[in-house]
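[1] model the following, please.
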Amino acid sequence: MKKVYVITCKTGTILSHIIKWLTGEPYPHCSISLDKSLYRMYSFGRRTPYDVFNAGLVHERPDKNIFARFPKTTCSIYEIDVTNEQYVTIWNNIKEFWQHKEKYHFNHPGIVAAWVNLYPDIPDFYYCSQFVGCMLEKAGVKYSEKPFRQVRSVDFRESSVTRKIYEGNLLEYWNSVKRPED
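    Model prediction:
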């Protein structure tokens with residue numbers, strides 16, 4: 001058995017505040033990591049800390065980019081048991097997305113539509129929870145009854161297959177775990 005990690009967090013961005021206000025979700029942003037240290041987290045989000053429109057597939061770290069801009073980011077980290085085959089499938093799918101990252105776009109229209117419970121299937125467009133859900137769904141990890149296009153961060157928090165291993169400041173977690181050297 002292997003483990004993957006779903007990180008739900010709230011930065012200090014205006015978008016994060018708006019989503020929290022509209023949905024009541026304490027941690028509206030989602031990322032996925034294949035290691036407990038969160039050395040490599042993947043998501044759909046801002047490519048630069050100050051531009052909400054320059055967004056897409058990103059490699060995140062708790063001490064870089066948007067999280068460096070907002071060091072008081074709070075989070076919940078969830079662990080999911082997966083088979084070796086599921087783990088490899090998730091990693092291969094992330095690598096495939098990364099190799100063609102210019103093809104994928106942030107789903108700005110979808111995030112607006114989700115506020116009114118509409119979930120258009122726009123190929124190659126994702127927002128954070130859709131990407132995390134897609135990676136798990138493609139590997140056969142049953143975390144929700146919903147298709148990945150309808151998944152929100154709350155679905156990971158309430159899933160019967162996730163175990164919360166941490167809640168608090170993301171940077172404090174990062175500083176407390178052993179990780180590979182840069």
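[2] residue 70 is in contact with residue 9, correct?
    No: because the distance of 9.3 Å does not satisfy CB atoms under 8 Å, residue 9 is recorded as not touching residue 70. To be clear about C-beta, it is placed using only N, CA and C from the backbone, and glycine gets the same treatment.
[3] comparing those two, which residue is more hemmed in?
    Under the criterion of other CB atoms under 10 Å, the comparison of residue 9 against residue 70 puts residue 9 first, with 27 against 18.
[4] residue boundaries of the strands in the chain?
    In order along the chain, the chain carries the following strands (DSSP state E): 2-10, 29-33, 41-46, 55-60, 74-82, 105-106, 125-126, 162-169.
[5] by how many degrees do the second one and strand 2-10 diverge?
    Relative orientation of strand 29-33 with respect to strand 2-10: 160 degrees, computed using axes from the mean of the first three to the mean of the last three CA atoms, to 10 degrees.
[6] so what touches strand 29-33?
    Residues external to strand 29-33 that are found in contact with it (CB atoms under 8 Å, 6 or more residues apart in numbering): 4-11, 16, 39-43, 45, 60, 90, 94, 128-129, 131-132, 135-136, 153, 156.
[7] I'd like the mean pLDDT over it, please.
    Rounded to a whole number, the mean pLDDT of strand 29-33 is 97.
[8] chain center to that strand: distance?
    Averaged C-alpha coordinates place strand 29-33 at 2 Å from its chain's average position (CA atoms, centre = their mean, to the nearest Å).
[9] quick one: least confident helix or strand in this structure?
    In the chain, the helix or strand scored least confidently by mean pLDDT, DSSP states H and E is helix 14-23, which has a mean of 83.
[10] in that helix, what's buried?
    Residues of helix 14-23 classed as buried by neighbour count (16 or more other CB atoms under 10 Å): 16, 19.
[11] again, but for stretch 90-97
    By neighbour count on 16+ other CB under 10 Å, the buried set for stretch 90-97 is 90-91, 93-94, 97.
[12] which single one of the residues you listed is nearest to residue 34?
    For those, the residue nearest residue 34 by CB to CB is residue 91; the value is 5.9 Å.
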